[in-house]
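K.L.:
Quick check, what structure comes out for this input:
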Amino acid sequence: MMNLALLSFHNAANYGAAMQAYALQVFLEKNGYKCEYLDYVNNSRKAEYSMSDHIIKSLKKGSILSALKYMLGTPFMEVRKMRFNRFYNKYLKISEKTYTNAKEAEEAESLYDKFIVGSDQVWCAENNGGDVAYLLSFIKNRNKKMSYSSSFGKDEIPKELKSEYAHCLNNMAHLSTREQFGVDMIKQMTGRDATLVLDPVFLLTTKDWTKLIPQKNSEKYIFSYTNTSEQFPSFLKQTNYPLEGKRVYKLSSQTTLLDFVNSKIKVMYSMSPQSFLKSIYYAEFVVTASFHCLAFSILFHKPFAVFLSGNGGKTGRLSTLLEYFGLNDRVVTENTTLSDIQKPIDWDYVDKVLREKRQESMNYLLDSINH
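P.N.:
Below is the predicted model:
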């Protein structure tokens, strides 16, 4: 049995990170492979969800308000991390040894037959701390290295890292990414044609995912997962979406004290990965700017509206997904009306495309492993 090492943000308190890590491992095990995540945690990743680190950094910058927000958010983040750790301990297989830098990780080369990096924004320098270990730099044997659905997260690589990135990408046997701009960036840096594939969450079926979903509650609600404080209020104002008899389940780092005291809003910031799935699965409508929230809205056949914001890297992964399934009309613009967002989605067409894209992605992944 082939022994595979997976490299991703396998312990992040992030819903998309958890879901894609779980999906890739489950898919590979279903196909007869032994696999585990390398417990690779550099200093940057270690500090990512440390509220004390964020408080200190904010104070050093002189941002008292930012520091105060992190202080107030600390109890909620601690509960969230506890729930994520419970999920990871139950579902993910992780290497016994922890590696903190590329030099330490070199010894892993002899322990596994192949190394797969991805998915998630593992190639975003802001997220990986500028560490090219996330491009498998610590593995010498080119034929052991491949990526699956890895994402750059931004449409530009920092100048000081471009040559290292190009070298590492050229030194990988098989390259794939989950958005078109990623394919374009790889072509520009290396001259190579990377394969455009689906995020790992699409490798599993809706039936696979529902096994994780807790029991339904009877409340009617719409689910909001946005990345700025203005998006959801502007959606309501612009479309006059009917909220009578419904609550708003809100997942956002931009929550305010008013959200906590408003009886019409249920703050979901600290929920478990399983509750994240449940919140989408049973929602009457989804408003989002999140890639994985969009992905599960599609998998669960949920009517949705999506905001595209930020640079090309942030919007590119959502745009690619929407274009795949002919759902560009679900993007909220200044002209979006209530009738636009209530227009039925052709789920038969979506499922047809999904079956085709899923098969293509599965073929790429399995062929690359066995090549």
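K.L.:
can we go C-alpha only for contacts and neighbour counts from here?
P.N.:
OK.
K.L.:
Moving C-terminal from the lowest-mean-pLDDT helix or strand in the chain, which element do we reach first?
P.N.:
Every helix and strand of the chain was ranked by mean pLDDT, DSSP states H and E. The lowest is helix 312-324, at a mean of 83. Remark: after helix 312-324, the chain's next helix or strand is helix 338-341, criterion DSSP states H and E.
K.L.:
pull the CA atoms of that next one into PDB?
P.N.:
The C-alpha atoms that make up helix 338-341 are tabulated as PDB, following Å, rounded to 0.1, in the frame of the first residue of the first chain:
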ATOM      1  CA  LEU A 338     -34.900  40.500  -4.900                       C
ATOM      2  CA  SER A 339     -36.200  38.800  -8.100                       C
ATOM      3  CA  ASP A 340     -32.600  38.200  -9.200                       C
ATOM      4  CA  ILE A 341     -31.600  36.300  -6.100                       C
END
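K.L.:
What are the buried residues along that helix?
P.N.:
Across helix 338-341, burial judged by 16 or more other Cα atoms under 10 Å covers residue 341.
K.L.:
Now find how far off-centre the least confident helix or strand of the chain is within its chain.
P.N.:
13 Å (Cα atoms, centre = their mean, to the nearest Å).
K.L.:
So residue 121: helix, strand or coil?
P.N.:
For residue 121, the secondary structure call by DSSP: H, G, I helix; E, B strand; the rest coil comes out as coil.
K.L.:
Now it: closest residue in space that isn't a chain neighbour?
P.N.:
residue 151 (4.5 Å; Cα to Cα, 6 or more residues apart in numbering).
K.L.:
Ok, residue 300 next?
P.N.:
residue 281 (6.0 Å).
K.L.:
Now do the same contact list for that neighbour.
P.N.:
Contact partners of residue 281, counting by Cα atoms under 8 Å, 6 or more residues apart in numbering, are 296-297, 300, 302.
K.L.:
Return the closest of the residues you listed with respect to residue 308.
P.N.:
Nearest to residue 308 out of the contacts of residue 281 is residue 297 (Cα to Cα; 15.7 Å).
K.L.:
who touches the closest residue to the closest one other than its chain neighbours in this structure?
P.N.:
Leaving aside its chain neighbours, residue 297 sits nearest to residue 280 (6.5 Å; criterion: Cα to Cα, 6+ apart). Applying Cα under 8 Å, 6+ apart, we find residue 280 in contact with 223, 286, 293, 296-297, 300, 302.
K.L.:
secondary structure class for residue 280?
P.N.:
Per three-state DSSP, residue 280 ends up helix.
K.L.:
The nearest residue to residue 92 once chain neighbours are set aside: neighbouring residues, count only.
P.N.:
Closest residue in space to residue 92, ignoring its immediate chain neighbours: residue 22 at 6.5 Å, by Cα to Cα, 6+ apart. Using other Cα atoms under 10 Å, residue 22 has 20 other residues around it.
K.L.:
before we move on, the earlier item: what is the most widely separated pair among the contacts of residue 281?
P.N.:
The widest separation within the contacts of residue 281 (Cα to Cα) is 8.2 Å, between 296 and 302.
K.L.:
ok, which stretches of the stretch 51-200 of the chain are helices?
P.N.:
Using DSSP state H, counting those that start in this stretch, the helices found in the stretch 51-200 of the chain span residues 51-60, 64-91, 102-105, 125-128, 162-170, 180-190.
K.L.:
Give me the below-cutoff pLDDT ranges for the stretch 201-350 of the chain.
P.N.:
The stretch 201-350 of the chain contains residues with pLDDT under 70 at 310-314.
K.L.:
hang on, the earlier thing: and of the contacts of residue 281, the nearest to residue 171?
P.N.:
Distances from residue 171 to the contacts of residue 281, taken by Cα to Cα, are shortest for residue 296, at 33.4 Å.
K.L.:
How about the contacts made by the closest one?
P.N.:
277, 280-281.
K.L.:
returning to what we had before: closest to residue 203 out of the helices of the stretch 51-200 of the chain?
P.N.:
Going by Cα to Cα, the one of the helices of the stretch 51-200 of the chain nearest residue 203 is helix 64-91, 16.8 Å.
K.L.:
Can you mark which positions in the closest one are buried?
P.N.:
Neighbour-count burial for helix 64-91 [16+ other Cα under 10 Å]: 67, 69-70, 74, 76-78, 80-85, 87-88.
K.L.:
Same check on stretch 101-113?
P.N.:
In stretch 101-113, counting by 16+ other Cα under 10 Å, buried: 101-102, 105-106, 108-109, 112-113.
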